[in-house]
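# no sequence on this one, just coordinates:
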DNA sequence: CTTGCTTACGAGACTCGTAATAATT
DNA sequence: AATTATTACGAGTCTCGTAAGCAAG
């Protein structure tokens, strides 16, 4: 049995059981893939792929189990390399954070600068995307950590830990009638055109749910992935905005006023997620702890241990 | 990175960091081992072994982590082969049970015959040893399942599940004075020479503890690993025996009488243990369930899942 | 008739074992 | 002096890529 065979197999599975595409992805030849997979099947004594004549059409039952185990083995080989990198220079490397615009813009700046100070040699990369995209990035190993309020706890392959809670606020232009109210209600909000987050972002699901529960049909005139975009359009008078209270800054947002709205939409939990079974670099733990001080290395490892298993670096 | 390199590394670690011995164990040459390990170190970019000139004297800190991961990878390659065997013929293979004499003689016969009837093609092997030896056997992969009352829950690498409970009894020759007592006490027993289990067997620890707690120093004239041996010497008049109540059979042991003694030594729990991270053959689950009906496959897998992780075969 | 898997074959890399070398105990 | 690791080198194996063959859509 060769690791190469497992790599080939994984790649074939990943590319819809098409050996040619897998070969291309691996920069090698179709025949090589074909042969090595057959050798693996011979050695294990079972068919992994279901062939219809000369087409691969499915994965056999044992094949599915084999794919799972192969995946874990390959994951571990990655972990071995990670260990090497980690010890060669504890303080150098790359950390890729997959997150939403709002996090990147309003939650991470402090963390990032503190981290950079501590690990000047670590190359930090911020990837942006929708929460499901972030999850995919981490699962594919393209990012080390995902941070988002939505979706992250929906993937068994990820370990999603609650890192902080926040609430929404309403932003309006100066002198907006809503500013006279001592305590806004959903009914009041529903009378104005609304600008807020795109579906699948930053608690939008809670917003929709809150209105629906009261039988209200709010007029969402614009949705965006991005608190700054929302604020811009509110300034333009397009409507009132519903954004994260964290994304409103009294000093910076001089043309806007914020109205407390936590009581309307409930409390959101922002989660930080890593892929299970992956050995994290030491500085990745530090990043997590900077972001959410209660998530110390001991806590993260303990949670990982209880499920997959991780290694002390 | 090659699986072979990981195998070499593991073997070196297993044989006290002696490349020569490892080479011998693997039926290959020292230079091969040396070279492959160096190649692995080169690829990972860290030293794994600490060399003092030309002697290997220790494992580096990263080396320890690497060994752990390598171990898991190799374990998984074994699991892959296991999957092959499993699917090639679901009902054939080998099941090795490591257990104590007492279990083999008094608890397993029913289970074994039921199992044999269900899986006539499976080759069953019973290995005997002391509980720590049994644990070692399972951890080394020499046995699939260990069954014993002592020690099995002391090893993190093993998953030990309670399978049944039992109590001790006192066996004496016919017409022994103790038979006149309605309810024996530890003090009464301490007046006679005692024959019982060897240290580390079948609840001997509880026996010692019970006497010690009452400040009694029983006269253990003979200890054996084996209920039959104990009974034989009791028949010879060497002393009174303390054995598992399960090991006394009214019909078979005509020359002996049993006296209830559960109240003196407490309740013992016999455990069944498997190695964590190992893919069990389907029939191994069946064996476990035959032995302890509450330990269904679902229960065992759920417990394994919660910790390492297993694969559905 | 195009796409895609398998078989055939040859070049090149790599593993492994023997022999020689060097460093510890 | 004996044990043990490393270096050197050559034989044999194996992987991989090209080319040809062939089955399926």
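Looks like it arrived, so ask away. Since this is a predicted model, take the numbers as computed values, not measurements. Numbers count the residues shown, from 1 in each chain, chains lettered A, B, ... in the order given.
# wait, does stretch A:25-36 contact DNA strand C?
Yes: counting by Cβ under 7 Å from any atom of the strand, DNA strand C has neighbours in stretch A:25-36: A:30-31, A:34-35. Backbone N, C-alpha and C define where each C-beta goes, glycine included.
# now those residues in JSON lines, with secondary structure and distance to residue A:244?
Below are these laid out as JSON lines (DSSP: H, G, I helix; E, B strand; the rest coil; distance: Cβ to Cβ, whole Å):
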{"residue": "A:30", "secondary structure": "helix", "distance to residue A:244": "50"}
{"residue": "A:31", "secondary structure": "helix", "distance to residue A:244": "54"}
{"residue": "A:34", "secondary structure": "helix", "distance to residue A:244": "52"}
{"residue": "A:35", "secondary structure": "helix", "distance to residue A:244": "55"}
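# and which of those is nearest chain B?
Relative to chain B, the closest of the residues of stretch A:25-36 next to DNA strand C is residue A:35; by Cβ to the nearest Cβ it sits at 18.3 Å.
# Could you list the buried residues of the host helix or strand of residue A:300?
Assigned by DSSP states H and E, residue A:300 belongs to helix A:297-305. For helix A:297-305, the neighbour count (16 or more other Cβ atoms under 10 Å in any protein chain shown) marks A:297, A:300-301, A:303-304 as buried.
# would you list the residues you listed in a markdown table and tack on pLDDT?
Conversion of the buried residues of helix A:297-305 to a markdown table gives the following (pLDDT from 0 to 100):
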| residue | pLDDT |
| --- | --- |
| A:297 | 89 |
| A:300 | 84 |
| A:301 | 82 |
| A:303 | 76 |
| A:304 | 70 |
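# In TSV: those residues, plus distance to chain B.
TSV is the format used below for those (distance: Cβ to the nearest Cβ, whole Å):
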residue	distance to chain B
A:297	15
A:300	17
A:301	13
A:303	13
A:304	12
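# what number of residues lie near the residue nearest to residue A:226 when sequence neighbours are not counted?
Counting by Cβ to Cβ, 6 or more residues apart in numbering or on different chains, residue A:101 is the residue found nearest to residue A:226 once chain neighbours are left out, at 4.4 Å. Residue A:101 has 21 neighbours, counted by other Cβ atoms under 10 Å in any protein chain shown.
# show me the contacts for residue A:101.
The contact partners of residue A:101, by Cβ atoms under 8 Å, 6 or more residues apart in numbering or on different chains, come to A:128, A:225-228.
# mind running it again at 10 Å?
By Cβ atoms under 10 Å, 6 or more residues apart in numbering or on different chains, the contact set of residue A:101 is A:126, A:128-130, A:197, A:201-202, A:224-229, A:247.
# Just give me the closest of those residues to DNA strand D.
residue A:129 (33.1 Å; Cβ to the nearest atom of the strand).
# Look up how far residue A:138 lies from the closest one.
For residue A:129, the distance to residue A:138 (Cβ to Cβ, to the nearest Å) stands at 11 Å.
# shared neighbours, these two?
Common neighbours of residue A:129 and residue A:138 (Cβ under 10 Å, 6+ apart) are A:98, A:146.
# the more surrounded of these two?
Taking other Cβ under 10 Å, residue A:129 and residue A:138 do not tie; residue A:138 has more neighbours (27 against 18).
# With residue A:284 as the reference, measure out to that one.
Distance from residue A:138 to residue A:284, by Cβ to Cβ: 12 Å.
# shared neighbours, those two?
Joint contacts of residue A:138 and residue A:284 (Cβ under 10 Å, 6+ apart) are A:96-97, A:144-145, A:274, A:278.
# Most neighbours among these, which one?
residue A:97 (27 neighbours).
# so which strand or helix has that residue?
strand A:93-99.
# I'd like the next helix or strand past that strand.
Assigned by DSSP H and E, the successor of strand A:93-99 is helix A:101-102.
# Need the contact partners of the helix or strand following that next one.
Downstream of helix A:101-102, the next assigned helix or strand under DSSP H and E is helix A:108-118. With contacts defined as Cβ under 10 Å, 6+ apart, helix A:108-118 is touched by A:91, A:95, A:97, A:99, A:102-104, A:122, A:124, A:126, A:147, A:283, A:286-292.
# longest single helix anywhere in chain A?
Longest helix in chain A by number of residues (criterion: DSSP state H): helix A:61-88.
# Residue of the stretch 51-200 of chain A closest to DNA strand D, please.
residue A:53 (2.3 Å).
# Please tell me how far that residue sits from residue B:58.
The value you get for residue A:53 to residue B:58, if Cβ to Cβ is used, is 57 Å.
# So between these two, which is more surrounded?
A count of neighbours by other Cβ under 10 Å puts residue B:58 above the other of residue A:53 and residue B:58, at 13 against 5.
# coming back round to it: please state the offset of the longest helix of chain A from the chain centre?
Computed by Cα atoms, centre = their mean, to the nearest Å, the chain-centroid distance of helix A:61-88 equals 21 Å.
# what does stretch A:133-145 give?
6 Å.
# now do stretch A:32-46
36 Å.
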